[in-house]
Every structure is written in C-alpha cells, then in structure tokens.
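**Student:** Structure, please.
(one chain, ligands or ions: 1)
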Amino acid sequence: MEKNRSSFTGKLGFVLAAAGSAVGLGNIWRFPYLAAEYGGGMFLLVYLILAVTFGFTLMTAEIALGRKTGLSAIGAFRALDKKYSFIGYLAAIVPIIILPYYSVIGGWVLKYLAMFVSGNGIKTADGEGVFFTGFVGLVGEPILWFGIFILATTLIVLFGVEKGIEKASKVMMPILVVLTIGVAIYSIVIDIAEDGGAGLAYYLIPDFGKFSPMTVVAALGQLFYSMSLAMGIMITYGSYMKKDVSIEKSVHQIEIFDTGIAFLAGLMIIPAVVASADTASVGKGPGLMFIALPKVFESMPAGDIIGAVFFILVLFAALTSAISLAETIISILCDKLHIKRLYSILIVFVGCILLGLPSTLGFGVWGHIMPLGMDFLTFFDFISNSVIMPIVALLTCLFITFVIKTKTIEDEVELGGKFGSKTMFRVIIKYIAPVFLVIILVSSVINGLIDAGYITGKLAEFFAI
Ligand code: PFF
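**Tutor:** Numbers count the residues shown, from 1 in each chain. Below is the predicted model of the structure:
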C-alpha cells in the first residue's frame, strides 16, 4: 500500500497540505494559554528562537526522511535500519494520545459555535469563566459535543471526503487570518484605551524574571505540537513530496505560516485578558480562549455574528488537523496490523470516545483524580508533548547522527536546490539538540514529580513559574 503513493502537485500543494495539518487548535487554543501562563513575552521569545533553530532542523530532517524512503514513520526508520523501527512505533503513539483530547476541545468549539449561532453568545461572555467552568463541569453535554466532533471526523474519513474539507479549508484559512487580524487589532485598541497597553506589553516584552526551565519545556512541547513534529506526521508528508521541490524553502513557509497564526491568536487573546482587568484569568489554562474571546466578541458591534464566524473557522482548522491525526492512526492499523479500513475507522471512533472520556470528565465528576497533579486533559497533553515527543525527537537526532549520518539528510535536501542552513542544521542535530533534549526531558520529569508533591524546597522553587 505504501509503495504506490501519489505526489503532491508542485510546491504549493505540499506547503498547503502540511500547513493544514500544522495549523489547528494548537495555534489558536494552545499557544495563547501557554504564552499567558509561562511569562508572556518571555515565552514568545523562547518560542521564536526554538522555532527558527529546533523547529527548522527537525522539520527538515523529518520531511527528508520521508521523501528519501517514500514511506511513513514506521516504514521509514525500518527501511533505513531495521533495528530502529521502534522509533517509528514510538512516534505513532503520539497521535493516539492526542486525538481523543483534541476532540474534547473540538467539542468545546462546537458548543461555543452553537451558542453564538443561536444568539446566546452573551451568556458565554462573563469573562470570569463561570459559563465555561459550568459547561465543562457537566457530564452529558460535553460528552455529546465531543462525540459529535469525533463522529464528524470519522465520518469524513469514512466517506473519503477529506479532499472536500481540505478544499473548503483553503478558503476558510485566509478568512481566519483576516478575522484574527481584525479581532487582534480590536483587542489591542481596547487594551491601550482601558489599560495603557499593559496586556500588549505583557505579551510582547520579555520579562527575564519570568524565565524558568519550564518556559523552555512548555515552548518546546508547543513547537512540536504546533508544527506536527516528533509524531511521524511530517515523515509521511515528506514521503509524498516530489524530489525537485526545495525542502528548505517549504519548511520556512510552513514555519512562518504556523507561527504567524499562533502569534496573531496570542495578540487577540492575551491583551483582552489583561485589558479586562481580569488578570486572574491569565492563569486560566486550557479554558483561556473560551473565557477571553466571548468577552471581546460581545463588546464588538455585531459580536454574535463575528463570534459565530470565528468559531466556524476554528472548527475547520480543528477538523483538518483531527482528520490528519485520525488518518495517521488508521493507516497504521491498516498497514501494520492488517486490519480492514472500515474496522480501523471504527476502532479509532470507539477508542477515541473511551480515551477521551477521562479528559472530559476530568473537569467535573473526575476532577478529584489528578495524575501528577493535573486534570486528565492536561496530563495527556503533558505526557505526549513534554515526555514522548522530546524522546522521539532525541532518538531521531541520534539516529541521524550515528546511524544514517547527517549527510544522508543533507543530500536529500540538496536534491531540491541549495541547502543554505546546512551548517546550522548539522550543528543542531549532532550537538545542540541531543544535549538540550536530555535537559528538557529531565526537567519535565522533575516538574512532574514536583507537581505530584514528591519534590519540594529549593529545586521546586527553581522550577516554579
Ligand atoms: N499541529 C496541530 C495543531 O497545532 O493544532 C495539531 C496536530 C494536528 C498535530 C495534526 C498532529 C497532527 F497530525
């Protein structure tokens, strides 16, 4: 099955498809709340530095691995050296952890869309999170919306209409960008008028006093998540890429697009939170977008309509990403476990419901169960982004350095033109990334132990944000 893969037509086709996977809830929901939580401008600065160094290097490596072998993650590692196919399997676990809780958030988006479409947006706009906490604390309704989201995702995959959705999203994405810019400008104006620009300053000016090892852990996890790295996805996308397309240029374009949207989402949400003099919600975590934005929409003229349009666009971005996560899992079930496609889709549907249940109930009836001191959704998010993904990234770097050598990747990149950042690529993959990733992993584990109460005192203070 993996032998006859089609290619993307030309360069734009590849960039758009990869961007479709990259741009999603990660940019609009996850980036702003992490930036708000981990020191505003400090987080932004660390993220940008990591994006142009680590993000660039890892995405280039993954795309080249895929294009060289013409295979998706498990096959690619196996084809290059049979002993290392386990790296591909480890990468494959990540979408299985992410898709269920991604769908829980997709369900929240659906609920908010329904509220705004039915003219009830105002009810969500208390700014204190009363509506949000009330809603996620329920049992039946969040499960219903989450179920609808995962049903929609699997039905789209079942009927093979992804292409239609992707086409629609190519129209929706630019509208999302324009709308986000509009709302961001509005948020900034209000912030300047009411708060002297305090929110904007918090987001844009790094406060070095706010730096902690966890800023880097969180920024790196966000980078992997947002750019769909360290989970085999970009290897698969690379396997569809034509040999004469420049990997380096494509990576730059995806990065600029993905980071641009995340940055704009931050501009739209963070100043609004601080502007509403509601600094308490800076620490609102996964609910931040759902608490901050309705307030902004409701203070705008025609806010209900703007809110409804916004949540439709976010829904499309979330759906294209969820489809790409679901397809990855389904292709593994079909190709590696030889399960029929229809059954594979059914397994993904049922599996997602089961694995997503703790994440949705964790804000209500299961709120007292706190693995590592986190609610279930944050726990799954942490395990995939701050533990498994850094391990996959580390193993990928070591595999390239010691097993296939950096030259294999460099030669593949050079098939599509000059590799301008070759030296940076080599230095990062061989030296910087491995050391750094080990530090990140150790920090993640220590932080987990602190949160769970096993470590206290000076070390815990050092890690505190
Ligand atoms: N990169 C997506 C986002 O930022 O929302 C999340 C994601 C989608 C990860 C699809 C992986 C994937 F295959």
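
**Student:** For the ligand, what's the nearest residue on the stretch 201-350 of the chain?
**Tutor:** residue 321 (3.4 Å; CB to the nearest ligand atom). Every C-beta, even on glycine, is put in place using the N, C-alpha and C of the backbone.

**Student:** Assess the claim that that residue and residue 28 are in contact.
**Tutor:** No. Applying CB atoms under 8 Å, one finds residue 321 not in contact with residue 28, separated by 10.6 Å.

**Student:** Could you name every residue contacting both of these two?
**Tutor:** Among the neighbours of residue 321, none is also in contact with residue 28 (CB atoms under 8 Å, 6 or more residues apart in numbering).

**Student:** Check which helix or strand the residue of the stretch 201-350 of the chain closest to the ligand maps to.
**Tutor:** helix 303-337 (DSSP states H and E).

**Student:** With residue 420 instead?
**Tutor:** Using DSSP H and E, no helix or strand contains residue 420.

**Student:** And the pLDDT at it?
**Tutor:** At residue 420, the model reports a pLDDT of 93.

**Student:** now the one 4 residues further on
**Tutor:** At residue 424 the predicted local distance difference test score is 97.

**Student:** Who are the packing partners of whichever helix or strand comes after the helix holding residue 321?
**Tutor:** Next in sequence after helix 303-337, counting helices and strands by DSSP H and E, comes helix 341-361. If you count contacts as 3 or more CB pairs under 8 Å, 6 or more residues apart in numbering; DSSP states H and E, helix 341-361 packs onto helix 85-117, helix 140-158, helix 303-337, helix 376-382.

**Student:** Need the three-state assignment for residue 166.
**Tutor:** Three-state assignment for residue 166 (DSSP: H, G, I helix; E, B strand; the rest coil): helix.

**Student:** quick one: contacts for it?
**Tutor:** Counting by CB under 8 Å, 6+ apart, residue 166 has contacts 17, 20, 320.

**Student:** what sits against the spatially closest residue to the second one that is not a sequence neighbour?
**Tutor:** Nearest-residue entry for residue 20: residue 320, 4.7 Å, with adjacent residues in sequence omitted and distances by CB to CB, 6 or more residues apart in numbering. Contact partners of residue 320, counting by CB under 8 Å, 6+ apart, are 20, 21, 23, 24, 165, 166, 169.

**Student:** Touching, the fifth one and residue 321? I think so.
**Tutor:** Yep, that's residue 165 we're talking about. No. Between residue 165 and residue 321 there is no contact under CB under 8 Å: 11.1 Å.

**Student:** what about the two, which has more around it?
**Tutor:** residue 321 (26 against 19; other CB atoms under 10 Å).

**Student:** Report the separation between residue 357 and the ligand.
**Tutor:** 21 Å (CB to the nearest ligand atom, to the nearest Å).
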